[in-house]
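In: Provided below are the primary sequence and the corresponding predicted coordinates.
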Amino acid sequence: MSCEPWQCAEIATSKKANPIQKPEIAVAMIKKASRPILVVGSNVTERWMEGKQAIEYIIDLANASKVPVVATAHMVGEFIKRGYQPAAFMNAFEIGQRVADPAWQGLDGKGRPDLVIMVGMPYYMQALILAGLKHFAPDLRTMTLDNMFHAHASWSFPNASFEEWATNLKVMTSKFEGGQ
Amino acid sequence: MTSKNVHVKIDEMKTSSGLIKNLELSIGKVINENYAEPMGPTPMPSMTTLRDWDMKLLNKYKPFYMPDCDSCCLCTFGKCDLTAGKRGACGLDIATQSSRIVMLACAIGAACHTAHSRHLVHHLIEKYGRRYPLDIGGLNIKVEAPVSRLVTGIKPETLGDLEDILTYAEEQITQVLAVGHTGQEGSNLDFESKAFHIGMVDHVGMEVGDIAQISTLGYPKAEADTPLVKLGISSVDRTKPVIMCIGHNVVPSVGIIDYAKDTKVDEKIEVVGLCCTSHDMARYYNRARIVGPISWELRFIRAGLADVVVLDEQCIRTDIYEEAAKVNAPVIAASEKNCMGFKNRTDDPADEIVSDLVSGKVQGVLILDPEKVGEVAVRVAQLVAPTRKRKNVLPSIEEITQIAKTCTQCKQCQRNCPQDYAIPAAMKAAAAGDLSLLTDLYEYCIGCGRCEEACPQKIMIHSLIVKAGEKAMECEDNLCRVGRGAVSDVEIRNVGSPIVLVEIPGIVAIVGCSNYPKGGKDVYDIAREFALRRYIVVLSGCSAMSAGSYRNSEGKTLYEEFSGEFTAGGVLNVGSCVANSHIAGAAIKVANIFAKRNLRGNYEEIADYIHNRLGAVGLAWGAYSQKAAAIGAGFWRLGIPVLVGPHGSKYRRMLLGRKEDPQNWEVLDARTGDKVNVGPAPEHLFNTIETKEECMVAIAKLCIRPNDTWKGRSIKLSHYVDLSKRYLGVMPNDLHLYVRTMADVPMTMKDEFVKILEANNWKETVIPDPTMLPRMVRKMKE
């Protein structure tokens, strides 16, 4: 699995993400975080894996891990349709700006997230938001769950096939208490 | 009019030959002081004159930077790594560098429009003279140049007057470009302020260009009911020689059309255009055809439809020469800004140039005389067409399958596609004889050709897509309303009150380029949705073409379904890029004509009025260019929020409000001087939107303004809620921030609102006479 940016011209990074070689590593990081959030973009209804949309895998993971979900674009309705209530819904850049702010008190007003997990936005858009966080919130850890390597994240899965992506998400889900 | 030229005034002088009284002499121009309106505080503002106003906006809408690059490589100290707070050799940090890039992008855009306008004015003065009167709407337009009047304090009456305005704009562009040099500005907010400044200047530059061409070239003059022009590849009569003009500057196209008419061959040839030049051709010539947006260059040329390609300026593919050569279509470059490496043949006899192009001795020429361009293009097209026989480089349907079989599924095409389209899957299906996925891509593809550049097998992927979509291409026979130019004063008078006070929920300006995330249909859908909801929908440029490229269930295009009047439910096409200035102009005219605010050199007050009262939103769904950045910046300084599609995130800086922070949303009540929290209205000044569905809701919300009457707010909220339910599937989560009194609540939604208000401890507040300028407070409290 390649650890070059999925979109080939996205190379201008001096600080490159650590690759997540095994889904268990991602699980350990999420468990270690005290206030993680999962930001989910519009491509999760566009991508299909093993006959299921990516959003189904994400719902399973969110239910298992209990990580609060922020739905961007029009994804809130897609989650609710499938019986899952996200913690919040807002524009992708609105959540990006908030998590970059050290004074922001999080979705519940109890404290800023210490880990921002992202998945499913248009690649270039997600890359830019991650770049913003890398530069302006260097204390914040970021992780991507897509099957496309995101160089601006703190940790990213390498480029992978849909099958590998599905496997990674399923393994992650199974490693949380709620997924067993 | 202000003049810096030599000016001599003699009240009384006795000489040996007689007595001279009241002699006033100005060298270089005629002094014109017919403009009775008093001069406001900021005529011809410098880069810092409106800095305080900018800072008010930037305090409310804070920049969120997303650097596209971690380093700076603009000087020889570099590359400097600016990651996460590191400073470069010159001391710049990444926020400041990011804002510098934003400013430079806007300056490039403003330079582009202003240079275009300077060329037009230069050319038109040469042809018609300096004293040629400006007329952009006859008796229906008294405020002929609202942007220029507002910014410069000049009321232009002749072509010559426009030169003074351009001189101001050019000076500002030079000053702002200088700021981009290493070791100049050291604050990101000051770079932002200068980006706003140059955006404002950009609208001045655009306005000058458009009013010059409207006045001289017989364009429609602020008419609502302009004719419908044929739009789409299939609208081109391919039995005739076809001249295709690409770009934005109509001057060479006028040369072609005039020559064709003069030699009586206009009915024997097709003169068609791509991108904004086609809008202006259609404004000039009723037989012109608009092929489509800029992204269709490759498909039109590779399909062999052009017999001659004429390039003017801006947004043209720089490899057109190579593409046209593949189909034996000669190229004429007609702009100093874009010489394409061709030999300058301007002074050569037309016969020689024609002979060289027709024989294939040369593939392209540079001709900087528009009349000669006209003669050469028309003659060459007629001579070349019979031998070219529509030569194209598209494969046959059978060949597609064979070619697709050579694909190794390496995915380089997808990884280089700006849209990340699943091209490998389409190739795999094509190799098995199923072209449906390639056909689907035809609708979405923006035609950049990056897939081909990346393909190690050298597969001409775009050509395969175009061939697979050929049937769809053959159906592209639609209609676009000819660009009308300005909005008339009468229309402003009629809608001023409904817009500001009551029943028109907003103005949605859908402008700009065609770098769409999922084809042009989104633009049509958004425009139609808001027209049906009785918003005023204003279109321009490539967006105006995309909006006309689809039909409703009755087979009507958008321009047939809705009137072109600036009124509730109207769908207007103002015209080309430079006509975008009329959208800002309409907003300014509402403040001037309806609200009776002085215009002349009175920028802050007018912007304050527009920002707080006029529910206008700009949308550039496919914005790609520096010009689009500059246009956006001009709207930002007026306080008009702008949305862009997902690719707009690559402008790498958003201007976002934080709705939960009450101090963000305080304005002064001009009646009392009290500070009043008016809620997040509008919530953002610049933001990227991820999907069409999200866009529908965001537009409705961004039309909300502090000064809405309770009835107006109620209407706006009902649209916001309805669109949110329909496209997001939920009630909005911030309604309590937009209800000031219970009268704001839509009657039919009262129960739902009450629950939300109670859950959020909502408290009633007042509706102020909102302003952000302390000097506008009529009675300041002690």
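Out: Nice, thanks for sending it over. It should be emphasised that the depicted structure is a prediction, and the values quoted were computed from it without experimental measurement.
In: Now the phi/psi pair for the closest residue in space to B:Thr96 that isn't next to it in sequence, please.
Out: Among residues not flanking B:Thr96 along the chain, B:Asn188 sits closest, at 4.6 Å (Cβ to Cβ, 6 or more residues apart in numbering or on different chains). Placement of C-beta: from N, CA and C, glycine included. The phi/psi pair for B:Asn188 (degrees, to the nearest 10) reads phi -60, psi -40.
In: in chain B, what secondary structure element scores lowest on mean pLDDT?
Out: Comparing every helix and strand of chain B by mean pLDDT, DSSP states H and E singles out strand B:18-26 as the least confident one, with a mean of 66.
In: What's the end-to-end length of stretch B:354-364?
Out: Distance across stretch B:354-364, first residue to last, is 11 Å (Cα to Cα, to the nearest Å).
In: again but with stretch B:429-442, I slipped
Out: Stretch B:429-442 has an end-to-end distance of 15 Å (criterion: Cα to Cα).
In: when you scan that stretch, is anything in it near chain A?
Out: No: Stretch B:429-442 is not in contact with chain A by Cβ under 8 Å from any Cβ of the partner chain; minimum separation 13.0 Å.
In: which residues in the stretch 601-750 of chain B form strands?
Out: All strands of the stretch 601-750 of chain B, identified by DSSP state E, counting those that start in this stretch, fall at B:616-620, B:642-644, B:653-656, B:666-669, B:675-677, B:684-688.
In: what's the residue closest to the geometric middle of chain A?
Out: Centroid check for chain A by Cα atoms, centre = their mean gives A:Met118 as the closest residue, at 2.0 Å.
In: quick one: A:Gln105 from B:Gly679, how far?
Out: Distance of A:Gln105 to B:Gly679, computed by Cβ to Cβ, to the nearest Å: 20 Å.
In: out of the two, which sits in the busier spot?
Out: More neighbours surround B:Gly679 than the other of A:Gln105 and B:Gly679, with 19 against 12 (other Cβ atoms under 10 Å in any protein chain shown).
In: Give me the distance between stretch B:647-666 and the centre of its chain.
Out: Distance of stretch B:647-666 from the chain centroid (Cα atoms, centre = their mean, to the nearest Å) equals 22 Å.
In: That one: which residues count as buried?
Out: Within stretch B:647-666, the residues scored as buried using 16 or more other Cβ atoms under 10 Å in any protein chain shown are B:647-659, B:664-665.
In: among those, which are within reach of chain A?
Out: Filtering the buried residues of stretch B:647-666 for proximity to chain A (criterion: Cβ under 8 Å from any Cβ) leaves B:His647, B:Ser649, B:Lys650, B:Arg652, B:Met654, B:Leu656, B:Arg658.
In: Now do the phi/psi pair for the last one.
Out: It stands for B:Arg658. When read as degrees, to the nearest 10, the backbone of B:Arg658 gives phi -120, psi 100.
In: B:Ile211 touches B:Thr158, doesn't it?
Out: No: taking contacts as Cβ atoms under 8 Å, B:Ile211 lies outside contact range of B:Thr158: 11.0 Å.
In: and the two? which has more neighbours close in?
Out: Counted by other Cβ under 10 Å, B:Ile211 and B:Thr158 do not tie: B:Ile211 has more neighbours, with 34 against 19.
In: which stretches of the chain have low pLDDT?
Out: Just going to use chain A. Scanning chain A for pLDDT under 70 picks out the ranges A:1, A:12, A:180.
In: wrong one, I was asking about chain B
Out: The model of chain B has pLDDT under 70 over residues B:1-9, B:16-17, B:22-34, B:779-782.
In: Pick out the residue in it sitting closest to chain A.
Out: With Cβ to the nearest Cβ, the shortest gap between chain B and chain A falls at B:Gly729, namely 2.2 Å.
In: Could you verify my assumption that that residue touches A:Lys81?
Out: Yes: B:Gly729 is in contact with A:Lys81 according to Cβ under 8 Å; the separation is 6.7 Å.
In: Neighbour count: those two, which is higher?
Out: Counted by other Cβ under 10 Å, B:Gly729 and A:Lys81 do not tie: B:Gly729 has more neighbours, with 17 against 11.
In: okay, how far is it across stretch A:82-95, tip to tip?
Out: Start and end residues of stretch A:82-95 are separated by 23 Å (Cα to Cα).
In: Show residues contacting it.
Out: Contacts to stretch A:82-95, defined as Cβ atoms under 8 Å, 6 or more residues apart in numbering or on different chains, come from residues A:37, A:39-41, A:55-56, A:59, A:62-63, A:68-73, A:75-76, A:79-80, A:107-108, A:121, A:125-126, A:129, B:64, B:649, B:654, B:656, B:687-690, B:694, B:698, B:728, B:730, B:733.
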